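Novice: when you get a sec, could you give me coordinates for this:
(2 chains)
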Amino acid sequence: MKLHELTLYEARNGLDRGEFSSIELLESLLERVRSLDPDIGAYITVDIQGAQRAAREADNLIAAGERLPLLGIPMALKDLLCTRGIRTTCASRILENFVPQYDATVVSMLKKAGAVIIGKTNMDEFAMGSSTENSGFHITRNPWNHDCVPGGSSGGSAAAVSARMCTAALGTDTGGSIRQPASHCGVVGLKPTYGRVSRYGLVSYASSLDQIGPITRDVRDAAILLNVICGHDPLDSTSADIARPDFEGVMEKFERDGPSLKGVKAGIPREYLSVKGLHPQVEKAFANARKHLEDMGVEMVDISLPQTDYAVAAYYVIAPSEASSNLARFDGVRYGFRETEARDIIDMYKKTKSRGFGPEVQRRIITGTYALSAGYYDAYYGRATRVRSMISEDFSRAFEQCDIIISPVAPTPAFRIGENVDDPLTMYLTDIFTLSTNMAGLPGISVPCGFSSQGLPIGFQIMAPRFDEISLIRAGYALELSLSLEKRFPDI
Amino acid sequence: MKITRKDVEYIAHLARLEVDDLLVDKFADQIGSILEYIDKLKDADVSGAQLMSGAALQSNVFREDKVLPSPGPGVTLADAPEREDDFYTVPRVVG
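Specialist: Modelled structure (predicted):
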């Protein structure tokens, strides 16, 4: 087996046993980046020298007997996680040359655990989008079919993992931005509970919805990464001071006793399966995975999430409202791009923002500003936050009847590049199955469950109550073992 | 909901944006159709529903009132597009 094909877990064991070095593993991945990324476009910045330095250090530590969860593991980071000394662009012209002075808390945690940072991945500008077509630099192509999008907004991270141009990656999820690209690229994406992972050093899009999580080759790798990045951080006031279980412990138990989900109740929201535009092949892949769960002892329960019809509308008030406030900081004064040809300071703000931000970002800022403006606040933002609490209550009620909730991740497999770019509303509606968990702060995972007739991957979503990621990992891992998909990665 | 060119320009001004002239009409159409969709919120029965502005655990967050070392202007101003000594410089503010 070639080194780039190894999962994080396999690489971890191989490195510790001295079968290969971190620098060899890194070079094997970098070779893929050199040959494939000119076409795929998963990366914005590749830090070859920094990665080589970190890999050599890791090799020295391993030789000296050091054992750390990510020691020598090459990882990619979505380009809105601040990395000290490596530019962090958010795929925006306005931050094209921004080099942070500090590491995001998750980045410090990865480094402390020994990770090697290969580079920063492409995304929709400021995480606003579902296809990575809104990047201010270039598009990213789906490794399974170069005419299709990888999903978004963490499309670069998902494509880099799928094309095996990194061993694992981090993404962020505000309305589905980890799970949907993971689904479209045939990899695993886990959005933790809001508050589980510190957001310090994550450039905010919609602060009450954003959450950082792993994008990996399989469920075990997601558990390993989650073990590293969870934890209370005093620098993020929304970070939860709550103990974390050993997420990898599930695997050991299943290996010992065989995968069983006996006694687990899974809710299927009846509103989700009647969503307009649900692709028959997505439905079929979902039904097949559901059957596998049933065979492992899961009891299916019919549940209702009555606010589903209002969720997208409420989300597209709340997220742009928060964005319009968060993005006001890019004013050309403290960091980032500044337009120097300006009459006065207001003119400077306007020219800086309009030349620095792409159209989708400007559209969302305007929508959010409108929703928050005098006379409209109660009708839009106020109403949306009430619907949000009703969505959250829907889930609480549902979880009285079941332990997990299952659904498709996206209504269709990856769509073609350019198909939805001029129709933002249609693009927004593709988030229907994922964004409610962000509204309620719940965790969710996307696990590959099959392929369309065109050979595009399809993901299966599992949701759980707050801080119950262990249920996602247990069910996700069991499903992965049971399905045993023959083809996990594209032939590239 | 009908959004006019003038609406877009006015809201853009509030947000300190200067939308490219070629984009204004397109934005008016797109934002109009987004708002029209969002208007379905009016049909939701929200009577008795609480406001929910965040998803964090509902508990107060305290920290010790302790002075920590500052990174200093050498770090905090390092990314400024324009500066003079330890100050940010900006175009004229008062006319």
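Novice: residue A:407 against residue A:459, yeah?
Specialist: No - judged on Cβ atoms under 8 Å, residue A:407 makes no contact with residue A:459 at a distance of 10.3 Å. Heads up, the C-betas are built off the backbone N, CA and C, glycines and all.
Novice: what about the helices in the stretch 51-200 of chain A?
Specialist: All helices of the stretch 51-200 of chain A, identified by DSSP state H, counting those that start in this stretch, fall at A:105-112, A:155-162, A:179-185.
Novice: of the ones you listed, which is nearest chain B?
Specialist: helix A:105-112 (15.1 Å; Cβ to the nearest Cβ).
Novice: can the closest one be said to contact chain B?
Specialist: No - Helix A:105-112 lies out of reach of chain B by Cβ under 8 Å from any Cβ of the partner chain, never closer than 15.1 Å.
Novice: and the contacts of that helix?
Specialist: A:68, A:70, A:75, A:77, A:81-84, A:103, A:117, A:170, A:197-198, A:200-202, A:212, A:228-229, A:231, A:233, A:235-236 (Cβ atoms under 8 Å, 6 or more residues apart in numbering or on different chains).
Novice: if we can go back for a sec, pipe the helices of the stretch 51-200 of chain A into JSON lines and attach mean neighbour count per row.
Specialist: Conversion of these to JSON lines gives the following (neighbours: other Cβ atoms under 10 Å in any protein chain shown):
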{"stretch": "helix A:105-112", "mean neighbour count": "21"}
{"stretch": "helix A:155-162", "mean neighbour count": "36"}
{"stretch": "helix A:179-185", "mean neighbour count": "35"}
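Novice: among the ones you listed, which comes closest to residue A:416?
Specialist: Taking Cβ to Cβ, helix A:179-185 is the member of these nearest to residue A:416, at 11.8 Å.
Novice: burial measure for the nearest residue to residue A:232 once chain neighbours are set aside, as a count.
Specialist: Excluding the flanking residues, the one nearest residue A:232 by Cβ to Cβ, 6 or more residues apart in numbering or on different chains is residue A:241, at 4.3 Å. The tally of other residues near residue A:241 (other Cβ atoms under 10 Å in any protein chain shown) stands at 12.
Novice: among the contacts of helix A:105-112, which ones are buried?
Specialist: A:68, A:70, A:75, A:77, A:81-83, A:103, A:117, A:170, A:197-198, A:200-202, A:212, A:228-229, A:231, A:233, A:236 (16 or more other Cβ atoms under 10 Å in any protein chain shown).
Novice: take those residues and keep only those in strands.
Specialist: Members of the buried ones among the contacts of helix A:105-112 lying in strands (criterion: DSSP state E): A:75, A:77, A:117, A:170, A:212.
Novice: any idea how far residue A:384 is from the first one?
Specialist: Counting by Cβ to Cβ, to the nearest Å, the gap between residue A:75 and residue A:384 amounts to 36 Å.
Novice: cool, the third one as well?
Specialist: Taken as Cβ to Cβ, the spacing of residue A:117 relative to residue A:384 amounts to 37 Å.
Novice: now stretch B:69-81, how far from the centre of its chain.
Specialist: 24 Å (Cα atoms, centre = their mean, to the nearest Å).
Novice: any chance you could list what contacts that stretch?
Specialist: Counting by Cβ under 8 Å, 6+ apart, A:98-101, A:332-338, B:83, B:86, B:88 sit against stretch B:69-81.
Novice: could you dump it to PDB, C-alpha only?
Specialist: Listed in PDB are the C-alpha atoms of stretch B:69-81, where the atom choice follows Å, rounded to 0.1, in the frame of the first residue of the first chain:
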ATOM      1  CA  PRO B  69       0.600  40.600  29.300                       C
ATOM      2  CA  SER B  70      -0.200  42.400  26.000                       C
ATOM      3  CA  PRO B  71       1.400  41.300  22.800                       C
ATOM      4  CA  GLY B  72       2.300  45.000  22.200                       C
ATOM      5  CA  PRO B  73       1.900  47.200  19.200                       C
ATOM      6  CA  GLY B  74       4.700  45.400  17.300                       C
ATOM      7  CA  VAL B  75       2.300  42.500  17.000                       C
ATOM      8  CA  THR B  76      -1.100  44.100  17.000                       C
ATOM      9  CA  LEU B  77      -0.100  46.600  14.300                       C
ATOM     10  CA  ALA B  78       1.900  44.200  12.200                       C
ATOM     11  CA  ASP B  79      -0.900  43.600   9.700                       C
ATOM     12  CA  ALA B  80      -2.000  47.200   9.400                       C
ATOM     13  CA  PRO B  81      -2.200  48.300   5.700                       C
END
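Novice: returning to that earlier point: just the buried ones from the contacts of stretch B:69-81?
Specialist: By 16+ other Cβ under 10 Å, the contacts of stretch B:69-81 give A:98-100, A:332-333, A:335-338 as buried.
Novice: surely residue A:452 touches residue A:458?
Specialist: Yes - between residue A:452 and residue A:458 there is a contact at 6.2 Å, judged by Cβ under 8 Å.
Novice: list the residues that contact both of these two?
Specialist: In contact with both residue A:452 and residue A:458: A:281-282, A:285, A:413, using Cβ under 8 Å, 6+ apart.
Novice: which of those residues has the most neighbours?
Specialist: residue A:413 (26 neighbours).
Novice: got a list of what the residue nearest to that residue when sequence neighbours are not counted touches?
Specialist: Of all residues not flanking residue A:413 in the chain, residue A:456 sits nearest, at 3.9 Å (Cβ to Cβ, 6+ apart). For residue A:456, the contacting residues are A:142, A:144-145, A:148, A:184, A:413-414, by Cβ under 8 Å, 6+ apart.
Novice: wait, what's in contact with the residue most central in space within chain A?
Specialist: Chain A has residue A:178 as the residue nearest its centroid, 1.9 Å off, counting by Cα atoms, centre = their mean. For residue A:178, the contact set (Cβ under 8 Å, 6+ apart) comprises A:154, A:171-172, A:189-191, A:213-215, A:446.
Novice: any idea how far residue A:294 is from it?
Specialist: Counting by Cβ to Cβ - residue A:178 and residue A:294 are separated by 27 Å.
Novice: could you report the neighbour count for the residue in chain B that chain A sits nearest to?
Specialist: In chain B, the residue that lies nearest chain A is residue B:55 (2.8 Å; Cβ to the nearest Cβ). Residues lying near residue B:55 (other Cβ under 10 Å) number 22.
Novice: helix, strand or coil for it?
Specialist: Taking DSSP: H, G, I helix; E, B strand; the rest coil as the rule, one finds residue B:55 in the coil state.
Novice: give me the nearest residue to it, chain neighbours excluded.
Specialist: Residue B:55 sits nearest to residue A:441 (Cβ to Cβ, 6+ apart), 2.8 Å away.
Novice: just residue B:86 next, same as before
Specialist: Closest to residue B:86 by Cβ to Cβ, 6+ apart is residue B:73, at 4.1 Å.
Novice: kindly report the same for residue A:460.
Specialist: residue A:449 is the one closest to residue A:460 (Cβ to Cβ, 6+ apart), at 3.8 Å.
Novice: repeat that for residue A:477.
Specialist: Residue A:477 sits nearest to residue A:219 (Cβ to Cβ, 6+ apart), 4.3 Å away.
Novice: for residue 15, give me phi and psi.
Specialist: Unless you meant another one, I'm taking chain A. Per-residue torsions, residue A:15: phi -60, psi -50 (degrees, to the nearest 10).
Novice: and it, what is it in contact with?
Specialist: Per Cβ under 8 Å, 6+ apart, neighbours of residue A:15: A:21-22, A:25, A:58, A:62, A:71-73.
Novice: repeat for residue A:471
Specialist: Per Cβ under 8 Å, 6+ apart, neighbours of residue A:471: A:264, A:403-404, A:462, A:464-465.
Novice: just the buried residues from those residues, in ChimeraX please.
Specialist: In ChimeraX, a selection of the buried entries from those looks like this (16+ other Cβ under 10 Å):
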select /A:264,403,404,462,464,465
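Novice: in its sheet, what does the host helix or strand of the residue nearest to residue A:460 sit against?
Specialist: Following DSSP states H and E, one finds residue A:449 within strand A:444-451. Strand A:444-451 has its sheet partners listed here by DSSP bridges as strand A:188-191 (antiparallel), strand A:457-463 (antiparallel).
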